[in-house]
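Trainee: structure of the sequence below:
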Amino acid sequence: MPESLCVLIADDNASDRLLLATIVRRQGHRVLSASNGEEAVALFALERPQLVLMDALMPVMDGFEAARRIKQMAGESLVPIIFLTSLSESEALVRCLEAGGDDFLAKPYNQVILAAKINAMDRLRRLQETVLQQRDQIARHHGYLLNEQRVAKAVFDQVAHSGCLSAPNIRYLQSPYALFNGDLLLAAYTPSGNMHVLLGDFTGHGLPAAVGAMPLAEVFYGMTGKGYGLAQTLREMNAKLKRILPVDMFCCATLLNVNFNLRQVEVWNGGLPDGYLHHVASGERTPLVSRHLPLGVLDPDRFDDKTEMHPLAQGDRIFLLSDGVLDTSDEEDRLFGVDRLHAVFAANRQPDALIDEIQLALNAFRGQARDDVSMVEVTLVEPAQLGGAAVTFSDSGKSSPLDWSSTFEYRAGTLKRFNPLPYLLQLLLEVHGLRSQSGALYSVLAELYTNALEHGVLGLDSSLKRDAPGFAQYYRERSARLAALETGYVRLHLQIIPSREGGRLTIRVEDSGAGFDVGRVLESPKAGHELSGRGLELVRRLSHSCQWSDGGRTASVEFSWGAQA
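Mentor: As a prediction, the model looks like this:
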């Protein structure tokens, strides 16, 4: 049964008005009557009827003006107006529609046709009400989603920026396609003062693309802070994303380990566009090519964590970008592409302005971003320019272990796949007095262990690293020898001796190699451009005392701390 409506009838002819009112009441509707347009507008404002039967020609205010005012008062709500007219000329009928009319009813009135028109207009009215309700519901839901995304973005920004993105050697730009950026940019210092930088691009954009960002950031910061290398960090990130993400989601990523002391960068690129290493002295750019599948695609036993090493000089810059830069399209659907990016590189005369110049080129291209746009540039500077990040601890140090020693021996099978340094550092930093020296401690540990493994067990000659090609050959040879390793060992002996003035740590590292002439290496002059021979000098500079014995196969260093350390 049709819904009962409130119907306004406006007609200056009393008999026509009475006839219409009788017909409409018989159909079950409530009737309001007006003898001119002015009365009709006043009644509408007072009673808000749901449908209007309006005579076109009336005194005081005609039906056309009354219809315009009623439509204005109705706003978004649909109040159907059926014009009552004996007009037959096309221009007159068009005028009725332009004034806001929705239909016509010709005189004399046919009650069957009138009932049908009222029912049809009521269906339109109810449909409009449903559309408005659904629109408002969608708007509310959209508001809730935006608010949730803003909260998530605020939380994630705090996490993502908790590292060292504000370091003076990092420049970056991120322009999200949606409120929540599907691109991920993280940077943090290792305990040794190296810098890990990750640029990631999750499938899609917006909040769905960022669901893996928090767990990925958690792994990145946690493992970087503990001193894990790129290989272990990559494996853990890949395993976590593979475990939690749907099968159609993954993260293209480039991960850097910038070593400021040894002036080198370790790179892993899985699915992002080529990054670039800009050598300031020569002006050349070395592509950092993607050689791996993205994170979260392969099972852990098939994941490839192999990295590439590149030498650096002061002022050299590493530039990374997401595919949103290259995939920006113009009005003719042409992509910005690699050639235009290289043209910006070639025209750049102020290195610090490179990212801004790329952004200007994208704007001049009149591009429409199809994805999140991210760019980051990391410059090699002197370690003293960075300031570093202090390691913080939640305990007071009152329960620190004292007066102990421990020996570890790592054999061939373990040397191939395990990095003991993060574990050893965490063990040593339980000693409260050593915490203020965590960076130097880790750097010395890392250098001694690396020397024992690479030059001792693997028998690699550091003179290979005399230039960039030799540097690359050195690390290719390292990977090959490590994979083929069957025998050999590295022993580490740690001893803590407390004293009234504080305490002393002794680290002794032994290896199964052939040894080397320590004096010759330490006394040989170093040219500024050489890529080898810096490690032993670093150990001497950072530790309180150091010495080598057993033909270079054993190294011993000491750290000490005061009573108030």
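Trainee: OK, contacts around the residue nearest to residue 434 when sequence neighbours are not counted?
Mentor: Distance criterion C-beta to C-beta, 6 or more residues apart in numbering; nearest residue to residue 434, sequence neighbours excluded, is residue 428 at 5.6 Å. For glycine as for every other residue, the C-beta is placed from the backbone atoms N, C-alpha and C. Neighbour list for residue 428: 434, 441, 494, 505 [criterion: C-beta atoms under 8 Å, 6 or more residues apart in numbering].
Trainee: pLDDT score assigned to residue 428?
Mentor: Note on residue 428: pLDDT of 88.
Trainee: where's it relative to residue 405, distance?
Mentor: As for residue 428, its distance to residue 405 is 12 Å (criterion: C-beta to C-beta, to the nearest Å).
Trainee: now do the shared contacts for these two.
Mentor: Contact criterion C-beta under 8 Å, 6+ apart; residues shared by residue 428 and residue 405: residue 494.
Trainee: excluding covalently adjacent residues, which one is nearest to residue 494?
Mentor: Using C-beta to C-beta, 6+ apart, the closest residue to residue 494 is residue 406 (5.2 Å).
Trainee: try residue 548
Mentor: Residue nearest to residue 548 in three dimensions, not counting chain neighbours: residue 518, with 4.2 Å by C-beta to C-beta, 6+ apart.
Trainee: surely the one you found touches residue 552?
Mentor: Yes - using C-beta atoms under 8 Å, residue 518 is in contact with residue 552, at 4.9 Å.
Trainee: and these two? which has more neighbours close in?
Mentor: Using other C-beta atoms under 10 Å, the more surrounded residue of residue 518 and residue 552 is residue 552, with 21 against 15.
Trainee: so what's that one up against?
Mentor: Applying C-beta under 8 Å, 6+ apart, we find residue 552 in contact with 515, 516, 517, 518.
Trainee: which phi and psi does residue 197 have?
Mentor: Backbone torsions for residue 197, taken as degrees, to the nearest 10, come to phi -130, psi 130.
Trainee: using CSV, lay out the contacts of residue 552 together with secondary structure.
Mentor: Output for these, formatted as CSV (DSSP: H, G, I helix; E, B strand; the rest coil):
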residue, secondary structure
515, coil
516, coil
517, coil
518, helix
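Trainee: quick check: which of the residues you listed has the minimum pLDDT.
Mentor: Ranking the contacts of residue 552 by pLDDT puts residue 518 at the bottom, with 75.
Trainee: quick one on the thing from earlier: quick check, nearest of the contacts of residue 552 to residue 6?
Mentor: For the contacts of residue 552, the closest approach to residue 6 (C-beta to C-beta) belongs to residue 516, at 101.5 Å.
Trainee: and the closest residue to the closest one other than its chain neighbours, how close does it get to residue 247?
Mentor: Among residues not flanking residue 516 along the chain, residue 552 sits closest, at 4.1 Å (C-beta to C-beta, 6+ apart). Separation of residue 552 from residue 247 (C-beta to C-beta): 52 Å.
Trainee: ok, now residue 98?
Mentor: Relative to residue 247, and taking C-beta to C-beta, residue 98 is found at 57 Å.
Trainee: these two: who's more crowded?
Mentor: Taking neighbours as other C-beta under 10 Å, residue 98 and residue 247 compare with residue 98 leading, 11 against 8.
Trainee: show me what contacts that one?
Mentor: Contacts of residue 98 by C-beta under 8 Å, 6+ apart: none found.
Trainee: neighbours of the residue nearest to residue 494, how many?
Mentor: For residue 406, using other C-beta under 10 Å, the count is 11.
Trainee: touching, it and residue 505? I think so.
Mentor: No - Residue 406 sits out of contact with residue 505 when judged by C-beta under 8 Å, with a separation of 11.6 Å.
Trainee: check contacts around the closest residue to residue 457 other than its chain neighbours.
Mentor: In space, and not counting its chain neighbours, residue 457 is closest to residue 488: 4.0 Å by C-beta to C-beta, 6+ apart. Residues in contact with residue 488 (C-beta under 8 Å, 6+ apart) are 411, 412, 415, 456, 457, 458, 511, 512, 513.
Trainee: with residue 74 instead?
Mentor: Counting by C-beta under 8 Å, 6+ apart, residue 74 touches no other residue.
Trainee: roughly how far does it sit from residue 37?
Mentor: Distance check for residue 74 against residue 37: by C-beta to C-beta, it reads 15 Å.
Trainee: how about the helices in the stretch 151-300 of the chain?
Mentor: Using DSSP state H, counting those that start in this stretch, the helices found in the stretch 151-300 of the chain span residues 213-225, 230-244.
Trainee: among those helices, which is nearest residue 185?
Mentor: Comparing those by C-beta to C-beta, helix 213-225 comes nearest, at 10.1 Å.
Trainee: now do the buried residues in the closest one.
Mentor: Within helix 213-225, the residues that count as buried by 16 or more other C-beta atoms under 10 Å are 213, 216, 217, 219, 220, 221, 223, 224, 225.
Trainee: and the two most separated of the residues you listed?
Mentor: So, these by C-beta to C-beta: farthest apart are 213 and 225, at 18.0 Å.
Trainee: next up, the contacts around residue 25.
Mentor: Contacts of residue 25 by C-beta under 8 Å, 6+ apart are residue 31.
Trainee: give me the phi and psi for the nearest residue to residue 440 once chain neighbours are set aside.
Mentor: Leaving aside its chain neighbours, residue 440 sits nearest to residue 542 (4.2 Å; criterion: C-beta to C-beta, 6+ apart). Backbone torsions of residue 542, given as degrees, to the nearest 10, read phi -90, psi -30.
Trainee: what ranges does the stretch 301-450 of the chain have for its helices?
Mentor: Remark: helices assigned in the stretch 301-450 of the chain by DSSP H, counting those that start in this stretch are 323-326, 337-347, 354-364, 412-415, 421-428, 438-451.
Trainee: what's the closest of those to residue 192?
Mentor: Across the helices of the stretch 301-450 of the chain, closest to residue 192 is helix 438-451 (C-beta to C-beta), at 4.2 Å.
Trainee: can you name the next helix or strand after that closest one?
Mentor: As assigned by DSSP states H and E, the chain's next helix or strand after helix 438-451 is helix 468-483.
Trainee: which neighbouring elements make contact with that following helix?
Mentor: strand 308-311 (3 or more C-beta pairs under 8 Å, 6 or more residues apart in numbering; DSSP states H and E).
Trainee: now the residue nearest to residue 368 when sequence neighbours are not counted: how far from residue 296?
Mentor: Distances taken as C-beta to C-beta, 6+ apart put residue 329 closest to residue 368, at 5.6 Å, once the chain neighbours are dropped. For residue 329, the distance to residue 296 (C-beta to C-beta) stands at 27 Å.
Trainee: spit out the contact partners of the residue most central in space within the chain.
Mentor: With distances taken as C-alpha atoms, centre = their mean, the residue of the chain nearest its centroid is residue 184 (2.4 Å). Going by C-beta under 8 Å, 6+ apart, residue 184 touches 160, 198, 199, 200, 201, 202, 210, 213, 216, 217, 251, 253.
Trainee: is it in a bridge, and if so with what?
Mentor: Beta bridges link residue 184 to residue 200 when assigned by DSSP bridges.
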